[in-house]
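Undergrad: Model the structure of this input:
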Amino acid sequence: VITEAGFGADLGAEKFLDIKCGYSGLSPKTVVIVATVRALKYHGGVSLKELTTENLEALEKGLSNLDKHIENMQGFDLPVVVAINKFISDTDAEVNLIKKHVESLGERAEISEGWEKGGAGTLNLARAVVESIASCKTTYKPVYQWDESIEEKITKVATHIYGADGVEFSLKAKRQMNRINQLGMNNLPICIAKTQKSLSDNDKLLGRPDHFRLNVREFEFAAGAGFIIPITGNMLRMPGLPATPAAEGIDIDDDGVISGLS
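TA: Reported below is the predicted structural model:
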């Protein structure tokens, strides 16, 4: 079974491992981290308008972000496969730079060309994942224990996963945290709401930020689902489509030829 956790190993994977696996008793056998040349160049300081232009210097700088995601998954005691999701604008030099860097860290990286070639472009990745699963002999190790205090759980995720120096709680958050404790619901896991654009709660801090503190401004409480939601920084809670979704420019003709994907 493959689960797509989404929005970065600091968000989707952490929640999958610390919440879902805690409830289900499941222990994954490998983690696939999806990396793109564009995202890593963005974390290296390239503007959105220049992401399709080769820039090995910025790419190398942005690799610090990928390093942190890999370290986080290694911290769960799980093997890692990096899928380099290749697009038509990516150069061989850029893709090979990522691949060699990941391999220098002792992990496996495979180029995924599903965007261009469909299933045939992902065979090497699939084989790598199967081999990684077969070789896994460990049981995952969560970041925190559910019976720790709410503050301790948030602090462990902030420091171990995000790389923060610590956590700041607003007065509103402190009042709400006390209320959760009074209700006897403090032993539930936490599901932190945070921007996906940065390892921090500030979407302007790119790459691998350090010397920052996570700011918890308020809490929500999903009693039915069974988790506590600390809300950090300013972010769009439910990402939406742009005014004109890309799907409006995509078509397929009578011969099965698809257009509008470039």
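Undergrad: Quick check: buried residues in stretch 55-68?
TA: 55, 58-66, 68 (16 or more other Cβ atoms under 10 Å). For glycine as for every other residue, the C-beta is placed from the backbone atoms N, C-alpha and C.
Undergrad: and if you look at stretch 225-235?
TA: Of all the residues in stretch 225-235, those buried under the rule 16+ other Cβ under 10 Å are 227-228, 230-233, 235.
Undergrad: What's the mean pLDDT across that stretch?
TA: Taken as a whole, stretch 225-235 has an average pLDDT of 92.
Undergrad: cool, stretch 120-133 as well?
TA: Averaged across stretch 120-133, the pLDDT comes to 96.
Undergrad: now the helices for the stretch 101-250 of the chain?
TA: Secondary structure of the stretch 101-250 of the chain, counting by DSSP state H, counting those that start in this stretch: helices at 114-117, 123-135, 150-156, 171-182.
Undergrad: Which of the buried residues of stretch 55-68 fall in helices?
TA: Judged by DSSP state H, helices contain the following of the buried residues of stretch 55-68: 58-66, 68.
Undergrad: Provide a list of residues in contact with Val80.
TA: Each residue near Val80 by Cβ atoms under 8 Å, 6 or more residues apart in numbering is listed here: 30-33, 70, 73-74, 107-108, 132.
Undergrad: Isn't Ala223 up against Ile229?
TA: No. Using Cβ atoms under 8 Å, Ala223 is not in contact with Ile229; the gap is 10.9 Å.
Undergrad: nearest residue to Val34 other than its sequence neighbours?
TA: Distance criterion Cβ to Cβ, 6 or more residues apart in numbering; nearest residue to Val34, sequence neighbours excluded, is Ala83 at 4.9 Å.
Undergrad: wait, doesn't that neighbour sit right on Leu125?
TA: Yes. Assessed by Cβ under 8 Å, Ala83 is found in contact with Leu125 at 5.3 Å.
Undergrad: anything in contact with each of these two?
TA: Common neighbours of Ala83 and Leu125 (Cβ under 8 Å, 6+ apart) are 32, 110, 112.
Undergrad: ok so, going back, would you turn the buried residues of stretch 225-235 into JSON lines with distance to Asp165?
TA: Putting the buried residues of stretch 225-235 into JSON lines (distance: Cβ to Cβ, whole Å) gives the following:
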{"residue": "Phe227", "distance to Asp165": "25"}
{"residue": "Ile228", "distance to Asp165": "22"}
{"residue": "Pro230", "distance to Asp165": "17"}
{"residue": "Ile231", "distance to Asp165": "20"}
{"residue": "Thr232", "distance to Asp165": "14"}
{"residue": "Gly233", "distance to Asp165": "15"}
{"residue": "Met235", "distance to Asp165": "20"}
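Undergrad: farthest pair in these?
TA: Farthest-apart pair in the buried residues of stretch 225-235 is Phe227 and Gly233; separation 19.0 Å (Cβ to Cβ).
Undergrad: roughly how far apart are the nearest residue to Ile19 once chain neighbours are set aside and Asn55?
TA: Excluding its sequence neighbours, the residue lying closest to Ile19 (Cβ to Cβ, 6+ apart) is Pro189, at 4.5 Å. When distance is defined by Cβ to Cβ, to the nearest Å, Pro189 is 40 Å away from Asn55.
Undergrad: Okay then, goodbye and thanks.
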